[in-house]
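**Q** Prediction below, plus the sequence it came from.
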Amino acid sequence: MYIFVGLALAGEGIIFRSLRIVLFAVAALAFLHGWVLAYEEPTLRRTFGEAYQKYCRRVSRWLPRLTT
């Protein structure tokens, strides 16, 4: 979902030829990355414990893995 937000904003920046929108996309993705690290992941670790740790070992944070 967060990656889509960044891609949508970057796409708008390209379509409208707006450097401001592209820079906003970069800033938004940086903010969202910080949000995930500072709030979402710690909350999920507290809520789900070892099950979430196992999930993190199997799944990449942002980009899908091409191998299993």
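**A** Happy to help now that I have it.
**Q** now the protein, which segments are flagged as low pLDDT?
**A** 68 (pLDDT under 70).
**Q** where do the helices sit along this structure?
**A** 2-15, 19-35, 41-48, 50-58 (DSSP state H).
**Q** Output those helices in CSV, with distance to residue 66 and mean neighbour count appended to each entry.
**A** For every residue, glycine as well, the C-beta is placed using N, CA and C. Converted to CSV, the helices of the chain look like this (distance: least, C-beta to C-beta, whole Å; neighbours: other C-beta atoms under 10 Å):
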stretch, distance to residue 66, mean neighbour count
helix 2-15, 16, 14
helix 19-35, 22, 14
helix 41-48, 23, 12
helix 50-58, 14, 11
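**Q** can you list those helices in a markdown table and add distance to residue 65?
**A** Shown next, in a markdown table, are the helices of the chain (distance: least, C-beta to C-beta, whole Å):
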| stretch | distance to residue 65 |
| --- | --- |
| helix 2-15 | 15 |
| helix 19-35 | 19 |
| helix 41-48 | 18 |
| helix 50-58 | 9 |
